[in-house]
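Visitor: Sequence first, then the predicted structure, then my questions.
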Amino acid sequence: GINAEYMGVPEQEVDDIKVLIGRSLYAIGEKNTAVALFANVIQTNESHKEALVEYAKAAQDLNKYEEAIKIVLTLLIHNSNDKQVRSLFSDIVLGISNGLDMLLNELNLTTSPSPHVAQAVAFLAVVLKDHGGVEESLILYKKACEFQPDSASYALNYAHTLEVVNRHQESIQFCVDFCKANPTMKVSNVSCEDVLRALGDLVHELNGKLSHVGEQHLVKKWEGKVYNVNYSSNAPLKFVTCKYSPKQINEFTSKPKDGKLSSEELDLLGLWFALVKNLFVSGCIVYLAPLMVLLDPIRNGEPLHQTLIRNEQAYFCSIEQLLSSLSMEDILELPNETPTIYICGDSHSLSPSWRTIQYKGNKVLLRNALVTGLKCWHLRPESRFYPKINFYNVVNSIPDGSDVVMIFGEIDCREGILFAVERAIYKNYQEGVLVTVNIYIEALKELQSKKNFHVYVHPALPVLDPTRAMVKVFNTTLKTELSKLKHPKIQFLDFYEELLTDDGLNLKQEYQLDGTHIHPSYLKHVENALSQL
């Protein structure tokens, strides 16, 4: 061959040319020659990105799966923030039938576990989760938690990933087990042991035995033990049975930490907030009051909405507000055979949930079916982002033939569509809205056909001032496209204008809750819209 150094050509350029030649050779069927070229480059420059990319693809194509895993792992180590590399890593690991086993074998996790190993495993879990490998991500997060059992960060990520696969009770169990394993870990003056004490009976009732609203045995079990209807963090409470008596927990004054919370404390607080969220979503509402009293004062110490647990904090605050208007007595007295409408949506599904409305002459329970963070855009066929997987895990758990209210689109209006217009993906936001609405409707059509749901399409909620104009366009487009569809079992709930002031510019005062979500009193409009269909 030609001596590159003698010719004055930089070695990097020679390597780049070899990869280009190899790519061309592979395309015309000269696969072995091409692979030899890629290997030659890697031999002298083991971090050459394009050579590693092509070699890994070729190894997978030639059924050299272990070699493909080894190479793509090396590639990821050298290019950990590269989107293309992360995608290729996921493609190869998830595209091989036992790819995760090969990856674990390559990682050689039989060595003594350490924080360094746990960090590497948790990173791989993030990459796979972001590309649809949720079950694989769960296995890796669980290993990270086993390697570093006192890491609230890994625990929080594992708990959230369990939510994605709709295993909320398992997530609750895991949070409880973490607190049992780390009883002295604290945020300010509140410890994991304090959280367990506040949960009380719940700690002994897990493993599939959680009490849910709408179940007959609750009426007898919790008679005289539920907290008062007008719950708020400032009101006197009647408690569920817990290891702290009401008197004790009122005397135990949680307080904000003097000084800033560390990242470890934020993760632990986030884990406790996730526990609250999962209890609410699971309908285990009778357990929440003591936890709220315990945790609420801690969060007043610093602006948590500016930290990495801002989403967990937002759910906590929303649930706390919602409890103040939730009548436990009404729910506990519901007969076991009470009809159900499922409320499937993003965080806006919390406001209607675990309440009752009149529907077809009956009192029905609105049962939560949360899909965290889903945009309609995520439902397009080629997407594999984990909120889409969360959506299908949730809807597949709903019984066939159910009545389901779908509440999605607000997140698209808040961030997705505007960002896409700014990046010139759409020529204007009207086009962006139409594309998004059509993706949404196509997904609903397919789902309705498969599950025989009666789908009631809830309008996106016009709660936020900056995005209200976009929400109006979204709802108008959604209504128009659904009317064209004329599907007898996919119907629009047409009431969003009734939520606004007469000039259409603001949300009516009576429907304001926490600045982000709507007050449950709006349900009278849902009830009325359903009655008119």
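Guide: Perfect, thanks for sending it.

Visitor: okay, CA-based contacts and neighbour counts for the rest of this
Guide: Noted.

Visitor: Are we agreed that Gly132 is in a helix?
Guide: No. Per DSSP: H, G, I helix; E, B strand; the rest coil, Gly132 lies outside any helix segment and is coil.

Visitor: shouldn't it be in contact with Tyr386?
Guide: Yes. Assessed by Cα atoms under 8 Å, Gly132 is found in contact with Tyr386 at 5.3 Å.

Visitor: which residues in the stretch 1-150 of the chain form strands?
Guide: In order along the chain, the stretch 1-150 of the chain carries no strands (DSSP state E, counting those that start in this stretch).

Visitor: my bad, should have said the stretch 251-400 of the chain
Guide: 340-345, 356-359, 362-370.

Visitor: Tell me which of these lies nearest to Val72.
Guide: Proximity to Val72, assessed across the strands of the stretch 251-400 of the chain by Cα to Cα, is greatest for strand 362-370 (35.1 Å).

Visitor: Now do that closest one: distance to the chain's middle.
Guide: Centre-to-centre, strand 362-370 and its host chain are 21 Å apart (Cα atoms, centre = their mean, to the nearest Å).

Visitor: then that strand to PDB, C-alphas only?
Guide: Only the C-alpha atoms of strand 362-370 are listed here, as PDB (Å, rounded to 0.1, in the frame of the first residue of the first chain):
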ATOM      1  CA  ASN A 362     -76.000   5.500  36.800                       C
ATOM      2  CA  LYS A 363     -73.400   6.800  39.200                       C
ATOM      3  CA  VAL A 364     -70.000   5.900  37.700                       C
ATOM      4  CA  LEU A 365     -66.500   5.900  39.200                       C
ATOM      5  CA  LEU A 366     -63.800   7.700  37.100                       C
ATOM      6  CA  ARG A 367     -60.800   5.400  37.400                       C
ATOM      7  CA  ASN A 368     -57.300   6.700  36.700                       C
ATOM      8  CA  ALA A 369     -55.200   5.400  33.800                       C
ATOM      9  CA  LEU A 370     -52.200   7.700  33.900                       C
END
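
Visitor: got a list of what the closest residue to Val85 other than its chain neighbours touches?
Guide: Nearest in space to Val85, with sequence neighbours left out and distances taken as Cα to Cα, 6 or more residues apart in numbering, is Leu76 at 6.2 Å. Going by Cα atoms under 8 Å, 6 or more residues apart in numbering, Leu76 touches Val85, Arg86, Phe89.

Visitor: Output the lowest mean pLDDT helix or strand found in the protein.
Guide: helix 216-221 (a mean of 36; mean pLDDT, DSSP states H and E).

Visitor: contacting residues around the helix or strand where Ala159 lies?
Guide: Using DSSP states H and E, Ala159 sits in helix 152-164. If you take Cα under 8 Å, 6+ apart as the criterion, helix 152-164 is touched by 122, 134, 137-138, 141-142, 144-145, 168, 170-172, 174-175, 178, 264, 267-268, 270-271, 274, 278, 371-372, 386-387, 389-390, 393.

Visitor: Now list the buried members of these.
Guide: Those of the contacts of helix 152-164 that meet the buried threshold are 122, 134, 137-138, 141-142, 144-145, 168, 170-172, 174-175, 178, 264, 267-268, 270-271, 274, 278, 371-372, 386-387, 389-390, 393, by 16 or more other Cα atoms under 10 Å.

Visitor: Find the nearest non-adjacent residue to the spatially most central residue of the chain, please.
Guide: Geometric centre of the chain, nearest residue: Thr372, 3.8 Å, by Cα atoms, centre = their mean. Nearest non-adjacent residue to Thr372, counting by Cα to Cα, 6+ apart: Asp346, 5.1 Å away.

Visitor: Tell me who's in contact with the one you found.
Guide: Leu370, Val371, Thr372, Gly373, Leu374, Ile407, Phe408.

Visitor: is it true that the third one touches Ser349?
Guide: The one in question is Thr372. No. Counting by Cα under 8 Å, Thr372 does not reach Ser349; the two are 9.7 Å apart.

Visitor: burial of Pro488, as a residue count?
Guide: Residues contacting Pro488 under the criterion other Cα atoms under 10 Å number 9.

Visitor: Kindly list the main-chain dihedrals of it?
Guide: Backbone torsions of Pro488, given as degrees, to the nearest 10, read phi -70, psi -20.

Visitor: What separation is there between it and Leu530?
Guide: 13 Å (Cα to Cα, to the nearest Å).

Visitor: and what of Ser353?
Guide: For Ser353, the distance to Leu530 - Cα to Cα - is 16 Å.

Visitor: can you check Ile28 too?
Guide: For Ile28, the distance to Leu530 - Cα to Cα - is 61 Å.

Visitor: No more questions from me, cheers.
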